[in-house]
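S.K.: Give me a 3D structure for the following:
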Amino acid sequence: QVQLVESGGGLVQAGGSLRLSCAASGRTFSSYIMGWFRQAPGKEREFVAAISRNGGSTYYADSVEGRFTISRDNAKNTVYLQMNSLKVEDTAVYYCAATGWAISRTRANYEHWGQGTQVTVSS
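M.R.: A predicted model of the protein is given here:
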């Protein structure tokens, strides 16, 4: 079992940057593939990015490719999402997720979730 706690959300102007962090409990963090998802009001939760166990492979949604960067520090049990050139449409609650199986863009394939952190981008 792993518990996830996100932080770093907030209010930022369009074009600005934020870095989200997700701290994981337990000593098996490196055995999990980690992902970030987001959910805007009235919309389904959608995939944002994922990273392999050793950080060597990363995957992004088309909507954030080139603007967002996912990374992890296994020594600190933490995964990050650096978000640059933010747009109003990036406004959402951002969730960290973990899976012990295969890397996936599908929400249902992740077993563990954080509580989410709000990101609001103003125009």
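S.K.: Just give me the residue closest to the centre of this structure.
M.R.: In the chain, the residue lying closest to the centroid (Cα atoms, centre = their mean) is Trp36, at 2.4 Å.
S.K.: tell me the SS of the residue lying closest to it once chain neighbours are set aside?
M.R.: Of all residues not flanking Trp36 in the chain, Val48 sits nearest, at 4.3 Å (Cβ to Cβ, 6 or more residues apart in numbering). In short, each C-beta sits where N, CA and C put it, glycine included. Classification of Val48 by DSSP: H, G, I helix; E, B strand; the rest coil places it in strand.
S.K.: Identify the residues contacting the residue nearest to the centre of the chain.
M.R.: 20, 22, 48-50, 70, 79, 81, 94-97 (Cβ atoms under 8 Å, 6 or more residues apart in numbering).
S.K.: ranking these by neighbours, who comes first?
M.R.: Among the contacts of Trp36, Val79 has the most neighbours (other Cβ atoms under 10 Å), with 30 neighbours.
S.K.: Go ahead and measure how far the strand or helix carrying that one is from the middle of the chain.
M.R.: Using DSSP states H and E, Val79 sits in strand 78-83. Centroid separation for strand 78-83 versus its chain: 6 Å, with Cα atoms, centre = their mean, to the nearest Å.
S.K.: how about the residue nearest to Trp36, what does it touch?
M.R.: So Val48 contacts 35-38, 60-61, 64, 68, 81, 94 (Cβ under 8 Å, 6+ apart).
S.K.: gap between it and Leu18?
M.R.: According to Cβ to Cβ, to the nearest Å, Val48 and Leu18 sit 13 Å apart.
S.K.: Widest-spaced pair of the contacts of Val48?
M.R.: Across the contacts of Val48, the longest distance by Cβ to Cβ is 13.9 Å; it joins Tyr60 and Tyr94.
S.K.: Could you report the distance from the residue nearest to the centre of the chain to Ser123?
M.R.: Counting by Cβ to Cβ - Trp36 and Ser123 are separated by 23 Å.
S.K.: Let me know the outermost residue of this structure.
M.R.: Ser123 (22.7 Å).
S.K.: Next, the contact list for that one, please.
M.R.: The contact partners of Ser123, taken as Cβ under 8 Å, 6+ apart, are 13-14, 88.
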